[in-house]
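In: need a 3D model of the sequence below.
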Amino acid sequence: MRNRYLDLLRFLAIVRVVVYHVTGWASLTLIFPAMSVMFALAGSLMAASLSRTGAPAVGRRLRRLLPSLWVVAVLFVPAMLLTGLEPTWRVVLWLFPVADPPANGWGALALSPIWYLRDYLWFVLASPVALWLFRRAPLPTLLAPYLVLVSIEMGVLAEPSLVVREFALYFGAWLLGFAHHDGMLRRLANRVFVPVVVLVGGAGAAWILTHPGNRGYDINDIPLGNALWSAAFILVALGRAPSGAAWVDRNAVFGRTVTVFNRRALTVYLWHMPFVVALTPLVDVVGWSHQDPVGLAIRVALVFALVGVVTALVGWVEDVAAGRPPQLLPGGSRPAPRSTGADEPSTRAEPPGPTEQTPAVEEEGAAARTR
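Out: As a prediction, this is how the structure comes out:
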């Protein structure tokens, strides 16, 4: 059985990512640091899978991760090759993105969410060793990414590699997912938990306020503030998580929506940005702007509608990748559960144990680097 509270968190994170990329509202990154939450949830699931089956869990996770990317690549890579992308060996990175796969101008913008799969892939491959270290030295292992990030911000590590920067920024959230799965967060007494949340969140807020980026207080431009603020958010969201959220299914439509977004999370994430980019010309043609609430609402609705169409067409790939019977619209009749080793959240929030780095499309159609 799935934990509907974790499903709800993932649903909210995905919706927040899409709305942010349409609107560009920096406040959304502070209200809900979606990417770190998604990495934390994924880390918790990865720890659960490794605990059940060990190293083979890595292969199963990759099996679930990559097919949705291949669908995107089959359509967009030929289009990019026909519109100026140089055909080099690096094109194969669209099959296994251990580094950023090549893209031309429009493709780099429309397919920018690939960074999330790249980082996810790194974290999955590192997880067997990381979980072994975490369970033997929890606090030093958990603090390591944040200390590396501090070193980067203070100039101690000059010009770090992309791998080092991304592990420093997001692997801490992944490790907090480990702590969630192992029950460490829930076991923290309030006399420890509350001061830690206040200290970490306060430090993150102070850094954000004193180090605004090009877009003000958008935490995607403020790595250290992003990591600390997100850590405090995750500590509260997972450390004091309810055992479930049965109320999600009291409304059949809402419950089904949450299920669909969870079962089609990769499809929604990979496909929303091409539609955000495609709808950008409407800003000039129709006169909509980021300050026009009606125009923004229409653009958000259009993006979700178009993503819904694509999800109906190719979302079933996620079912096949997970070893489930393919469904057009998940969440209907539920077959009896079977033991497949699939990485599904448990109904227990704690066993006893997608910067949005995608470019946000501005009114003029230019892109600023974001996470």
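In: the longest helix along the chain: which residues count as buried?
Out: In the chain, assigned by DSSP state H, the helix with the most residues is helix 56-82. Applying a neighbour-count criterion of 16 or more other Cβ atoms under 10 Å, one finds 57-58, 60-62, 64-69, 71-73, 76-77, 80 buried in helix 56-82. (Each C-beta comes from the backbone N, C-alpha and C, glycine too.)
In: off-centre distance for it?
Out: 16 Å (Cα atoms, centre = their mean, to the nearest Å).
In: what's the answer for stretch 273-286, then?
Out: The answer for stretch 273-286 is 23 Å, by Cα atoms, centre = their mean.
In: and it, what's buried?
Out: Quick answer for stretch 273-286 (16+ other Cβ under 10 Å): 273-277, 279-280, 283.
In: got any ranges where the stretch 1-150 of the chain has weak pLDDT?
Out: Applying pLDDT under 70 to the stretch 1-150 of the chain flags the ranges 1.
In: run through the helices of it in chain order.
Out: Counting by DSSP state H, counting those that start in this stretch, the stretch 1-150 of the chain has these helices, from start to end: 4-23, 27-31, 34-53, 56-82, 105-110, 114-136, 138-153.
In: picking up where we left off before, and the longest helix of the chain, what does it pack onto?
Out: Applying 3 or more Cβ pairs under 8 Å, 6 or more residues apart in numbering; DSSP states H and E, one finds that helix 56-82 contacts helix 34-53, helix 105-110, helix 114-136, helix 265-278, helix 316-321.
In: that helix to helix 265-278, inter-axis angle?
Out: If you take axes from the mean of the first three to the mean of the last three Cα atoms, to 10 degrees, helix 56-82 sits at 20 degrees to helix 265-278.
In: helix or strand: which one has the nearest residue to Tyr146 once chain neighbours are set aside?
Out: Of all residues not flanking Tyr146 in the chain, Gly172 sits nearest, at 5.3 Å (Cβ to Cβ, 6 or more residues apart in numbering). Element membership of Gly172 [criterion: DSSP states H and E] is helix 162-181.
In: in that helix, what's buried?
Out: Taking 16+ other Cβ under 10 Å as the criterion, helix 162-181 shows 164-181 as buried.
In: what's the distance between the residue nearest to Gly105 when sequence neighbours are not counted and Glu153?
Out: Distance criterion Cβ to Cβ, 6+ apart; nearest residue to Gly105, sequence neighbours excluded, is Gly84 at 7.6 Å. Gly84 sits at a distance of 37 Å from Glu153 (criterion: Cβ to Cβ, to the nearest Å).
In: next one: Pro242
Out: For Pro242, the distance to Glu153 - Cβ to Cβ - is 35 Å.
In: now swap in Thr257 and tell me
Out: Taking Cβ to Cβ as the measure, Thr257 falls 39 Å from Glu153.
In: mind giving me the packing neighbours of the helix holding Gly172?
Out: Using 3+ Cβ pairs under 8 Å, 6+ apart, helix 162-181 is in contact with helix 34-53, helix 114-136, helix 138-153, helix 223-239.
In: pull out the buried residues from the helix or strand just after it.
Out: Proceeding N to C from helix 162-181, the next assigned helix or strand is helix 184-187, under DSSP H and E. Of the residues in helix 184-187, those buried under the neighbour-count criterion (16+ other Cβ under 10 Å) are 184-186.
In: what's the answer for stretch 255-270, then?
Out: In stretch 255-270, counting by 16+ other Cβ under 10 Å, buried: 255, 258-270.
In: cool, and stretch 295-315?
Out: Buried residues in stretch 295-315, counted by 16+ other Cβ under 10 Å: 295-296, 299-300, 302-304, 306-308, 310-311, 314-315.
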